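Engineer: no letters, just coordinates:
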């Protein structure tokens, strides 16, 4: 089968809270359609989300409105095993990147999602016991069977990603990592540098620091929020849009994962695609986040 890389939207709808939304199948299908209409056609899941329930909820919505499947791209993840009534065989929280577990996880995800392929599969966490030969075998089997179109990783250090990339035939098309104005590590630990080197666009989770950027009252957060709100006021946009635009300004061209059900907040994220911060504005936020002026 010829390799096909999915066309992923720059803003991604994150669904790790989906089980808490309590949406009926028709309401969720309507929400998915509304999100796609905003230009957000990529949906981020993982097998463990909602204690192994979120993929099934999403799949039920797709079965309710089958035409949605061709309008969207599905990202999902595997390798974390957690204790859950849905997985009675799991007796301990571990990571498992064995070929058998990766393949079995994808087969179950496809069943729950009610689809014949995953557009992008990510290894969810670094496994200290990962045998890259096994991962390579799993990726080959999943690609050749058409079950997975593209592959990547999540929460990997640059060295771990480089090691795995040297074993697998498929290009690793992303590293999904946490980044925000309250977490600058990927800017400085080589993660974004590696993405540029490999022409690989990162995906960023928790770009608003899990909401803390606009709710926490620590001195650091208050300082950063003040800088964000000043720029938002001057530009006539929502503060969230400025916080997203800060991340989008990086030349690695990151994709941002929202985690909200609220359509207005998704709209604020999409608006950031049209807001290019000046260098002066960007460094104002950078210095506020670091708590010190440039040297």
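Structural biologist: Perfect, thanks for sending it. Just so you know, these numbers come straight off a predicted model, no measurement behind them.
Engineer: what comes up buried for stretch 192-205?
Structural biologist: Buried residues in stretch 192-205, counted by 16 or more other CB atoms under 10 Å: 192, 194-195, 198, 200-205. All C-beta atoms are positioned from the backbone trio N, CA, C, and that covers glycine.
Engineer: which residues are in contact with it?
Structural biologist: If you take CB atoms under 8 Å, 6 or more residues apart in numbering as the criterion, stretch 192-205 is touched by 12, 14, 44, 75, 152, 154, 158, 161-162, 165, 171-180, 186, 191, 247, 250-257, 259.
Engineer: from those residues, which land in helices?
Structural biologist: 158, 161-162, 165, 186, 191, 247 (DSSP state H).
Engineer: which among these end up buried?
Structural biologist: Applying 16+ other CB under 10 Å to the ones in helices among the contacts of stretch 192-205 flags 158, 161, 165, 186, 191, 247 as buried.
Engineer: tell me the SS of residue 142?
Structural biologist: Under the three-state scheme (DSSP: H, G, I helix; E, B strand; the rest coil), residue 142 adopts helix.
Engineer: where do the helices of the stretch 101-250 of the chain begin and end?
Structural biologist: 132-144, 158-165, 185-188, 191-197, 219-235, 239-248 (DSSP state H, counting those that start in this stretch).
Engineer: distance from stretch 284-295 to the middle of the chain?
Structural biologist: Relative to its chain's centre, stretch 284-295 lies at 27 Å (CA atoms, centre = their mean, to the nearest Å).
Engineer: any idea of the mean pLDDT for it?
Structural biologist: For stretch 284-295, mean pLDDT is 97.
Engineer: ends of that stretch, how far apart?
Structural biologist: 14 Å (CA to CA, to the nearest Å).
Engineer: and it, what's buried?
Structural biologist: Buried residues in stretch 284-295, defined by neighbour count with 16+ other CB under 10 Å: 284-286, 288-289.
Engineer: need those in a markdown table (columns: secondary structure and distance to residue 6).
Structural biologist: A markdown table is the format used below for the buried residues of stretch 284-295 (DSSP: H, G, I helix; E, B strand; the rest coil; distance: CB to CB, whole Å):
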| residue | secondary structure | distance to residue 6 |
| --- | --- | --- |
| 284 | helix | 36 |
| 285 | helix | 31 |
| 286 | helix | 32 |
| 288 | helix | 36 |
| 289 | helix | 32 |
